[in-house]
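Q: Test case, fold it:
(2 chains)
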Protein chains: 2
Amino acid sequence: MSSSQTISNSANTIKWLVSKTKEAWLEQALANPLELLIDHAHCERKAAGAALQLMFRYLCEPGLAEALSPLVREELQHFERVLALIKSRKRYLEPLPAPPYGAVLAKKIRKIEPHRMLDSFLVAGLIEARSHERMTLLALNSPDKELRDLYGDLLASEARHFCLYWKLSNQRFNSELVRSRLKELAHEEAQILVKLHPQPRMHS
Amino acid sequence: MSSSQTISNSANTIKWLVSKTKEAWLEQALANPLELLIDHAHCERKAAGAALQLMFRYLCEPGLAEALSPLVREELQHFERVLALIKSRKRYLEPLPAPPYGAVLAKKIRKIEPHRMLDSFLVAGLIEARSHERMTLLALNSPDKELRDLYGDLLASEARHFCLYWKLSNQRFNSELVRSRLKELAHEEAQILVKLHPQPRMHS
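A: Purely as a prediction, here's the structure:
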């Protein structure tokens, strides 16, 4: 996509994201739609795995398992839908090397409780928020109707998932503390994305 | 329950199970319905975790992710239903020490592929088969209608899950090999249950 073309980016993004995705990412993504789709399947299954891991870690924390279990189910439902589309295009899951995004963010989670719980919720929420922003771009700009529809259908869930992690945080921690920590982590998140990862990924 | 009472056990059990559950287990289970229910919630979430782990381990194995992902979702749906019932009785998840059953069975899984895959499917299937047998006993014998209904509703899924693992095995391995290995593992499984575990558990 040349810089003279207009990228449609009119949708609301979650206000906590510190940076907007650059045109270079969208160009990379639109040039590699199937690789991005396979990466997105991996993102959905990893989101399911991460939520299940949180549920297991804080198993006896009242109100948590009944919030996270339906989230895991929804991530898997999306995974299955994305996988079906991949298969309809005669491909399957492939082991794509992950970009640094998730691992670098995970390192920002403090090791000691209760900070660990708060940071885990907020990092998971930020990843959902970024997915929401980027899927909005794909839903608006992909030349492939089937992909536009897919990303368009899924992106609302990403925003809801951010809200769920936000709510879980605010139910358990002081709201000022949640805001200030989310701001810090959102700056870290934006920092990771300053340099475009060479391989096309949802979080490159 | 005195030995003069009759235990209703007329339902079909999955034919691969080598032993029938003894009256002592049912007595223990019926005497501790809420502890068993909480243990059952743990069983459902562990079954979900184990299936997700298999899906992640063999991610690029064609036909596997699309079979296991809906299974994980169903286990979690059951987990949520059991948790709701626990909460309606003013309790929540509690960290119950696990009986040796799962860990001993896991040790029977051979470390080298493709044996590891086959054994993983068959062990998961046997656990489902035993859950099916014991939930049938509870559905038939519990004096508590709500528990009878719950176990009665869930047990058909346990049998279906056994069949799924059986099918996944037979799609990938020689059927004679699958049968003979399942027989071996079923003997191991029965052996673990010879001595009743002192704490009331679905697999005590």
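Q: Just give me how far stretch A:147-154 sits from the chain centre.
A: 15 Å (CA atoms, centre = their mean, to the nearest Å).
Q: And the contacts of that stretch?
A: A:P33, A:L37, A:H78, A:R81, A:V82, A:L85, A:M135, A:T136, A:L138, A:A139, A:L140, A:S142 (CB atoms under 8 Å, 6 or more residues apart in numbering or on different chains). C-beta coordinates here come from the backbone N, C-alpha and C atoms, glycine included.
Q: Apply 7 Å and report the result again.
A: Contacts with stretch A:147-154, where a contact means CB atoms under 7 Å, 6 or more residues apart in numbering or on different chains, come from A:P33, A:H78, A:L85, A:M135, A:L138, A:A139, A:S142.
Q: repeat for stretch A:75-85
A: With contact meaning CB under 7 Å, 6+ apart, stretch A:75-85 is reached by A:37, A:40-41, A:44-45, A:47-48, A:51, A:93, A:146, A:150, A:154, A:157, B:65-66, B:69-70, B:72-73.
Q: still on that earlier bit, out of the contacts of stretch A:147-154, which comes closest to chain B?
A: Proximity to chain B was ranked across these by CB to the nearest CB; first place goes to A:H78, at 10.0 Å.
Q: check which helix or strand covers that closest one.
A: Using DSSP states H and E, A:H78 falls within helix A:65-88.
Q: next helix or strand past that helix?
A: helix A:101-107.
Q: Show me what that following helix is packed up against.
A: helix A:115-141, helix A:175-192 (3 or more CB pairs under 7 Å, 6 or more residues apart in numbering or on different chains; DSSP states H and E).
Q: what's the closest of these to chain B?
A: Taking the helices and strands packed on helix A:101-107 one by one with CB to the nearest CB, helix A:115-141 is closest: 16.2 Å.
Q: ok so, going back, can you redo the helices and strands packed on helix A:101-107 as TSV with mean neighbour count, mean pLDDT and distance to A:A106?
A: Putting the helices and strands packed on helix A:101-107 into TSV (neighbours: other CB atoms under 10 Å in any protein chain shown; pLDDT from 0 to 100; distance: least, CB to CB, whole Å) gives the following:
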stretch	mean neighbour count	mean pLDDT	distance to A:A106
helix A:115-141	22	96	7
helix A:175-192	16	97	11
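Q: Any of the contacts of stretch A:75-85 buried? List them.
A: A:37, A:40-41, A:44-45, A:47-48, A:51, A:93, A:150, A:154, A:157, B:65-66, B:69, B:72-73 (16 or more other CB atoms under 10 Å in any protein chain shown).
Q: give the contact list for A:A186.
A: A:W16, A:L17, A:V18, A:L126.
Q: what does A:A159 give?
A: A:I14, A:H132.
Q: Kindly recompute the last result at 10 Å.
A: A:N12, A:T13, A:I14, A:E128, A:A129, A:S131, A:H132, A:E133, A:M135, A:T136 (CB atoms under 10 Å, 6 or more residues apart in numbering or on different chains).
Q: repeat for A:L185
A: A:W16, A:V18, A:L105, A:K108, A:I109, A:L118, A:D119, A:L122, A:V123, A:G125, A:L126 are the contacts of A:L185 under CB under 10 Å, 6+ apart.
Q: A:S69 too?
A: A:51-52, A:55, B:44-45, B:48, B:73, B:75-77, B:79-80, B:83 are the contacts of A:S69 under CB under 10 Å, 6+ apart.
Q: would TSV of the residues you listed with pLDDT and distance to A:R172 be doable?
A: Below are the contacts of A:S69 laid out as TSV (pLDDT from 0 to 100; distance: CB to CB, whole Å):
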residue	pLDDT	distance to A:R172
A:A51	97	16
A:L52	97	19
A:M55	96	15
B:E44	96	25
B:R45	95	21
B:A48	97	24
B:R73	98	27
B:E75	97	26
B:L76	98	22
B:Q77	97	25
B:F79	97	22
B:E80	98	21
B:L83	97	19
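Q: With distance to A:P100 added, can I get those in JSON lines?
A: Formatted as JSON lines, the contacts of A:S69 follow (distance: CB to CB, whole Å):
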{"residue": "A:A51", "distance to A:P100": "22"}
{"residue": "A:L52", "distance to A:P100": "23"}
{"residue": "A:M55", "distance to A:P100": "26"}
{"residue": "B:E44", "distance to A:P100": "35"}
{"residue": "B:R45", "distance to A:P100": "31"}
{"residue": "B:A48", "distance to A:P100": "29"}
{"residue": "B:R73", "distance to A:P100": "30"}
{"residue": "B:E75", "distance to A:P100": "33"}
{"residue": "B:L76", "distance to A:P100": "30"}
{"residue": "B:Q77", "distance to A:P100": "35"}
{"residue": "B:F79", "distance to A:P100": "34"}
{"residue": "B:E80", "distance to A:P100": "35"}
{"residue": "B:L83", "distance to A:P100": "37"}
